Structures are given as structure tokens and as C-alpha cells.
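**Q** Structure of the sequence below:
(2 chains)
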Amino acid sequence: MSRPSQWIAIVVVAALALLPFLPGAVDAYYFSFLFFVFLYAVMAQSWNLVAGYGGQISLGSHAFFGLGAYTTAILWSGNYLWGSLYDSHPNIYYFDPVTMLLGGFVAALAAVLIGLPLLSKLHGDYFALGTLGFGEIVKVIFVNGGDFTGGAFGIVAPASSFDTLRPHYWVGLGLMVATALAIRALMRSRYGLALIAVRDDEMAASANGIDTLKVKVAAFAGSAFIAGVAGSLYTFYIFHVGPDSVFDLDWMLLPLMMTVVGGTGTLLGPILGALVMYAVFDLARIVVPDYHPVISGLTIILAMLFLPKGLMRSFVGKARTA
Amino acid sequence: MVNLPPPEILLQLSLNGALGGAMYGVAAVGLSLIFGTMRLIFLAQGAMIILAAYFVRALFYGLGVDPFLSLLIVVPVGLGVGWLIYQGLFRQAAAEADRNVSLLIAVGLMFLVQNLMTVIWGGNTAGVVTSYTASGIELFGVRTSFTRSMGFLIALSGTGLVMLFLRKTIVGKAVRAASEDMDAATLMGISPHRVNAIAFAIGISLAGAAGVAVATTFPFNPFAGFIFSLKALVALALGGIGNVTGALAGGILLGLIEAYVQFFISGGWTNAIAYGVFLLVLMFKPEGLFSRPYKKA
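**A** Just a heads-up that it's a prediction; the model follows:
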């Protein structure tokens, strides 16, 4: 990013961060709208890291989102983390950074375990199919997890901790900014260059001494970590974590769509895509409630027919890759 | 040790599994053709099958057309719709190097079709009940329903016709050549758009045929298609991507696996085991179970 656009970004983030202090903002419709834009932008960045920069199309992000959400709900409802502190501080799990990071770590661990065999054996479409299969397996495991996972119903976290949407908003905004900054720093590092090299020509990259498997698995795990933390944040919003809600394929398809509409392999594309697409979906939901999924489907098709390279590359001039 | 159930039950299980699996198989044959030429995972195939099922239902209850007779309408309509879908939606995207674009168009089409069906026919489960829905046939001591057997026949003959087309006609050979190596096929004067459109036309008409089989056998709802697409993908991988008879065999194998898992383990684990087999096959025998391994040039 050039200097002036850096300043624009800082001003926009600062304005967004101060928004909750505006009288009435918290109860306004756009407040929860923005929260979901942040959440989807984080998920879109997660997908963009492995698919846009890494070139490995993953169709399993919903599994990592769900793993993060479940980890949070299980730790919280079973009080596995804070012991007796939980009695004196009943809200200790609510937006607890340790719990959220653990959500990310569990997802990343799963990504390493499944990524090592998949990425060493499978390329291209086969990897995409493999991750899709993995997502379905994880979902079935959670449905059959008995008391530990709450079965087909899932787990209910103590919703009494809910007071206002403000923390969700700030944490969502913070995650979105942190993810973007982390990916920006990453893509300017040696590792980021290696990732791009693997995407563009795996054989050439490996001939230049890059351990391609390590690079790909690390990107997959990083992507899963981001998705897991996003899932954890969603638990604090929804309080009821069930297999059909957090392992819903939409958690993979919508971020994928947002990234492609915004521009794959660009830093701001996922954020722009999340904003535009979520606005379209939500507008359709309000204006034509009966037909809104029809409109969503139509929007995806039209966007792909007329903007196959994404908004960033089509309108925002020369898009930067990092 | 597990106590083996009597042989009649095993036979019955195998028959049920094979008949149900043939439906996945016929969906997989369509996916295989489309994947072969376009390298596109056409996720909307299941939604197209359900759309065909609703169409069959509308023909039956609206005009009194017998579901199996409606094959004569559904299959040609499917050919036309497939051609149109390719020309209208995928023609441009097929030329893009970024295959996310075609994948997303397929996803968009799936959303669109699913929700249009919900708007038109409602989200409730629907079915087609004819005078012969409840009738069964008995063969070698095992019973099966008439409609399921018809579904199996439709799957077999559909795959057979596609095989004949691919092997015996010059256009079919062009499709096969294109799925083996699109660049080389283009150099031989084969138009990629034409073979892609043909693959789509046949793929969707197979979805139509599968729709007839689904409509007469199962209750269905607008969102039942996606799981069908997933199962068809598993069948495709089991049979070997690009192998048409393998796709049908893969579907039947998947049906058998599901039937046995349901009986011996539990219905709740069926999907996990089916996808587990899918992952293992992808990793250790990516050319499929029914193809001879080949060396890539």
C-alpha cells in the first residue's frame, strides 16, 4: 500500500472503531450488519491465504470454522480451562483470548493432520475434493460425538453473558484488521515469496530449494487458524453451536465467493468482496424476503460472468498482490 | 466376532445397496463427462436432478403423464437445457485460466435452482405416487420394488447409451479426445466449445433421467440435490475421474458400502465412512478402483 492509501486505511479503521460511541449506533441495523461483514471478511482472508496466495483451492474452510466454534463452546460449557475462577468470574470465557486462540489452534492442528497426507498426495482438483470430503467427515464426527459434542443438537453456551453487541463489533473489527496486517507482513516476508512461488510454479519453486510441502501445509494451517478464531467469535454471538449451523457449507461457499468477487490474491479484495456481497445478500433479504436466495444465486452468476477477475483488479486499478 | 446374518439378508442388502447406488452412478456419469472436458466440478448436478424430479411430478399431476413415459420428454429437454447452460453461463468462463470462476457459476446456479424450486413448489418434501409405486418384484427370494428396479434399468441404459455414443460416434470420440488432452484435441481441429457443450447437454439429460428415477423412488425436497452432488463426486472418485462405466460402478459400490455400513455399524456413520473411503481412494488410487493405472506423459 502506498502512503496516501495507508492513511485512508488508518482513518477508516479509526472511524469504524469509534462508531459504537455514536449515540444509537449499537441498536442500529447497520451495527450488526458491520459485525457480519467483519466476520465474513476474516473468513474470506482465511480462504484467500491458502487459495489466493497459495493456489491450493480448499473446500473445507467450514470445517475449521466449526472446529473453532465447537472448541470454544466445549471449553466454555464444560469449564475445562479456568476451574474455580469460573465460579467467581462467570463471564471469564466470554471473549476470553485464550479460549479464542485455542479455537484457532485446534483448527490449525486439524489442518496439519489432514493437510500433510492430502497435500503430499493430492494436487489441484483432487485436493479440493479431498478437503470437501474432510469437511463432511468432521461434521459426522461431531453429530456422533455423544455428550461431548452434544450430538445433532449441539451445545448451548451461557447466553446470560450477553449484554451488548459492542464487544463483538470491536473484536470483529480487530480480527479483520489484524488478519489483514498479518497477511500483509507475511506476504512481504521470505515465506510469502515462497508461497507465491509454489503457487506459480511448484516444480520451479522446489528446484530453488523451497520445501513445497512445508510451505503449503503452513499456509493451510494458517488459513485454518484464522477460520478457527472466526468460528470462536461466532460462538460468542450465536451461543448455540450445532453441526448444521457451524459446519454449514455456507461458511465455506460465501467467503470463497466474496474473495473471488473481491479479487483472489489481493490484500483488500476479500474485505471489499465481503462488504459488497454481504450488502447484496442482506438487501435482498430485506427487500424481497421470499426470493432472496434466488437473488443471491443470480448475483454470483452475474458477478462471475461480468467480473471474473474480481472488483479489485477490475476497478481499483493496478491491484497489488501484497 | 460379528454374527453374520443369514444369506437372504446379505443378498437383500446388496440388492438394495446396488439399486440405490445406481442413482449416484448415473449422476456421477454426468459429472464425469463435464469434468472430463471442462475440468469443472459441476456442483449443481444434484440440483438439476431434483429440478427434473419436480418437472416429472408436475407432468404427472398436471397432465397425467406417466413418470416413466416422461423420460421421452425429460431427456430431450435436458439435452437442450444443458446446451443452453453451457452457451449462456460457462462458455466465457471455460476460457478463463482461473477455474474458480466456473466453480462459482456452478455454485450460483445451484443456489438459484434450489431456491427457485422452493419459491415455485415450496420447501416441503414432495413425491410421486402412482398406481404401481407400492408394487414389488420377487427374484431369487429377495424382494425389491418395481420403481427401484426401473431406476436401476434407467441408470444402466443411460450409461450404456453414453458409452455407445462415446465409443461409436465421431462426435463421441472428439469428446473423449478432448477429455484426454484438450490442447492436442484443439490442434486436431476439435472445437473446445462444441465438445464442452455436448458434454453439458449429455450431462444434464442424464440428470433428467436420474430425476425420473428419483421422483418415482424417493420423496424429495428442493435442497436434497446437494448431497446427491457430493455422493456423485464420491462415486466419481471411486470409479476413476473420466471413466464413464467406472462412474456407474463407483456409484453402485458406494450404494453397497452405505447399505452395509447402515446395517452393520450405524446409520449415523454412513456418510463419514463413505467420505473416508473417498479420501483413501483419492490418496492411494487416484486413478480410481476400476481403471488400470497409467503412466502420465
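
**Q** Find the centremost residue of chain A, please.
**A** The centre of chain A sits closest to residue A:43, judged by CA atoms, centre = their mean, with a distance of 1.6 Å.

**Q** Can you tell me what sits against the least confident helix or strand in chain B by mean pLDDT?
**A** Lowest by mean pLDDT, DSSP states H and E among the helices and strands of chain B is strand B:136-139, with a mean of 74. Defining contact as CB atoms under 8 Å, 6 or more residues apart in numbering or on different chains, one finds that strand B:136-139 is touched by B:143, B:144, B:145, B:146, B:149. No exception for glycine: its C-beta is placed from N, CA and C like everyone else's.

**Q** Just give the strands next to it in its sheet, each with its orientation.
**A** strand B:142-145 (antiparallel) (DSSP bridges).

**Q** gap between residue A:89 and residue B:179?
**A** 62 Å (CB to CB, to the nearest Å).

**Q** Which residue of those two possesses the greater neighbour count?
**A** Legend: neighbour count by other CB atoms under 10 Å in any protein chain shown for residue A:89 and residue B:179, higher for residue B:179 (23 against 12).

**Q** I'd like to know how far the more buried one sits from chain A.
**A** For residue B:179, the distance to chain A (CB to the nearest CB, to the nearest Å) stands at 13 Å.

**Q** Pass me the low-pLDDT residue ranges in the chain, would you?
**A** By default, I'm working from chain A. Applying pLDDT under 70 to chain A flags residues A:1-2, A:316-322.

**Q** actually chain B
**A** For chain B, the stretches flagged by pLDDT under 70 are B:1-3, B:140, B:291-297.

**Q** Output the longest helix belonging to it.
**A** helix B:7-38 (DSSP state H).

**Q** Which parts of the stretch 101-250 of chain A are helices?
**A** Taking DSSP state H, counting those that start in this stretch as the test, the helices found in the stretch 101-250 of chain A are A:125-143, A:166-187, A:190-200, A:202-207, A:212-238, A:243-246, A:250-262.

**Q** give me the number of residues near the residue nearest to residue B:223 when sequence neighbours are not counted?
**A** Sequence neighbours aside, residue B:114 is the residue nearest to residue B:223 in space, at 5.7 Å (criterion: CB to CB, 6 or more residues apart in numbering or on different chains). Neighbour count of residue B:114, defined by other CB under 10 Å: 25.

**Q** ok, now which ones touch residue B:114?
**A** Shown in contact with residue B:114 (CB under 8 Å, 6+ apart): A:293, A:297, B:47, B:50, B:222, B:223, B:225, B:226.

**Q** Check the secondary structure at the fifth one for me.
**A** Put plainly, it is residue B:222. Assigned with DSSP: H, G, I helix; E, B strand; the rest coil, residue B:222 falls in the coil class.

**Q** give the contact list for the one residue in the stretch 51-200 of chain A that gets nearest to chain B.
**A** In the stretch 51-200 of chain A, no residue comes nearer to chain B than residue A:140, which is 3.7 Å away by CB to the nearest CB. By CB under 8 Å, 6+ apart, the residues touching residue A:140 are B:268, B:269, B:271, B:272, B:275.
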